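**Student:** Sharing a model prediction with you, sequence too.
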Amino acid sequence: MITISPKDISTREVHAHLLGAVSPRPIAFASTIDSDGHVNLAPFSFFNVFSANPPILVFSPARRGRDNTTKHTFENLKKVKEVVINIVNYDMVQQVSLASTDYEEKVNEFIKAGFTEIPSEKIRPPRVAEAPVQMECIVKEIIELGTEGGAGNLIICEVVLFHIKKEILDEHGTIDPFKIDTVSRLGGNWYSRAKNGLFSVPKPLTTIGIGIDQLPENIRNSRVLTGNDLGMLANVEKLPSFESVAAFLENKTQAQFIEEATAEEVHRCAQELLCDGKIETAWNVLMAKEIKLKEN
Ligand SMILES: Cc1cc2nc3c(=O)[nH]c(=O)nc-3n(C[C@H](O)[C@H](O)[C@H](O)COP(=O)(O)O)c2cc1C
């Protein structure tokens, strides 16, 4: 572990640590206009959602580290407080990167990067037709975080209209993570494609998990089971009943395995079951061995 105070390193290094660590970050592809109506389009990964009621998005066009100049997006938003936040999918990513080029003021990155402008309904900046979701927003507040190079400028905006492509919805009308195919930004030149690494973790909101502190000691201190395994085991509301373990042991092959296998082998078997999402069976295997160990 290295421990660093941001005051002891350059802004460039602080920037690199923050971007490498706070990752992946979603990308806002922001369309704005200046007071003469010139259109601007640029990507920002200092971006997220912060409220659903009201629906609030925040992103940050920062002061450039190299020369402390400000971005056209920021200058536009101080004058015209309207922005479309377009969501970036895999098919758009190379063109989005191109749109981040420091083109001169008044240069329209829709044209430079080859995106299609479509009019918004409630605000003046246009939407990106290719984006799977386009959110028309009104800027509520701008917070300047500093005056030196690298300082962020928080653009706090409220979504006043959503446009969502039908093709990305599932049968319940919810956005399907595989269909939206979002990309995100990490440190350096790295991006990630969400759908390549998707997995689901059941929300522990509906149940009150027993917690890792309540796991039997052998299981909690297992040399095989990982933090993720213990997290899944501890998300159950109660340990399996004696009847459930007894029913599991009625199967002769299973009973023989529990009798003959070492605790480590049993833990490995439970780990494979957890990996397949078979939490109840994993618990039966583990508790059967616990009971056997206590008997001997
Ligand atoms: C994926 C991606 C994410 C970016 N995120 C940010 C960001 O969060 N803040 C920022 O100031 N610049 C960010 N940039 C750089 C800006 O897009 C770039 O400076 C752009 O030229 C600004 O355009 P503008 O001057 O037209 O507003 C990012 C670039 C890329 C490619």
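**Tutor:** Perfect, I can see it now.

**Student:** And the helices in the stretch 51-200 of the chain, which stretches?
**Tutor:** Applying DSSP state H, counting those that start in this stretch to the stretch 51-200 of the chain gives helices spanning 72-79, 93-99, 109-113, 177-180.

**Student:** Show me which residues of the last one are buried.
**Tutor:** Residues of helix 177-180 classed as buried by neighbour count (16 or more other Cβ atoms under 10 Å): residue 180. Using the backbone N, CA and C atoms, a C-beta is placed for each residue, glycine as well.

**Student:** pull the CA atoms of it into PDB?
**Tutor:** C-alpha atoms of helix 177-180 as PDB (Å, rounded to 0.1, in the frame of the first residue of the first chain):
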ATOM      1  CA  PRO A 177     -28.300  -3.800 -20.000                       C
ATOM      2  CA  PHE A 178     -27.300  -6.100 -22.900                       C
ATOM      3  CA  LYS A 179     -29.400  -4.100 -25.400                       C
ATOM      4  CA  ILE A 180     -28.300  -0.600 -24.400                       C
END
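
**Student:** Give me the contact list for that helix.
**Tutor:** Helix 177-180 is contacted from outside by 87, 89, 132, 133, 167, 168, 169, 170, 194, 195, 198, using Cβ atoms under 8 Å, 6 or more residues apart in numbering.

**Student:** switch the cut-off to 6 Å
**Tutor:** With contacts defined as Cβ atoms under 6 Å, 6 or more residues apart in numbering, helix 177-180 is touched by 132, 168, 195, 198.

**Student:** hmm, back to that, same list, the helices of the stretch 51-200 of the chain, but as JSON lines with mean pLDDT and distance to the ligand please.
**Tutor:** Output for the helices of the stretch 51-200 of the chain, formatted as JSON lines (pLDDT from 0 to 100; distance: least, Cβ to the nearest ligand atom, whole Å):
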{"stretch": "helix 72-79", "mean pLDDT": "98", "distance to the ligand": "3"}
{"stretch": "helix 93-99", "mean pLDDT": "97", "distance to the ligand": "5"}
{"stretch": "helix 109-113", "mean pLDDT": "95", "distance to the ligand": "7"}
{"stretch": "helix 177-180", "mean pLDDT": "98", "distance to the ligand": "17"}
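
**Student:** Include distance to residue 120 when you put those into TSV, please.
**Tutor:** What follows is the helices of the stretch 51-200 of the chain, written out as TSV (distance: least, Cβ to Cβ, whole Å):
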stretch	distance to residue 120
helix 72-79	15
helix 93-99	18
helix 109-113	13
helix 177-180	20
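
**Student:** Closest to the ligand out of the contacts of helix 177-180?
**Tutor:** For the contacts of helix 177-180, the closest approach to the ligand (Cβ to the nearest ligand atom) belongs to residue 132, at 16.2 Å.

**Student:** hang on, isn't the closest one packed against residue 90?
**Tutor:** No: using Cβ atoms under 6 Å, residue 132 is not in contact with residue 90, being 10.1 Å away.

**Student:** re the thing from before, closest one to residue 187 among the helices of the stretch 51-200 of the chain?
**Tutor:** Residue 187 lies closest to helix 93-99 among the helices of the stretch 51-200 of the chain, at 15.3 Å (Cβ to Cβ).

**Student:** Which single residue in the stretch 151-296 of the chain comes nearest to the ligand?
**Tutor:** The nearest approach of the stretch 151-296 of the chain to the ligand comes at residue 185, 4.6 Å away (Cβ to the nearest ligand atom).
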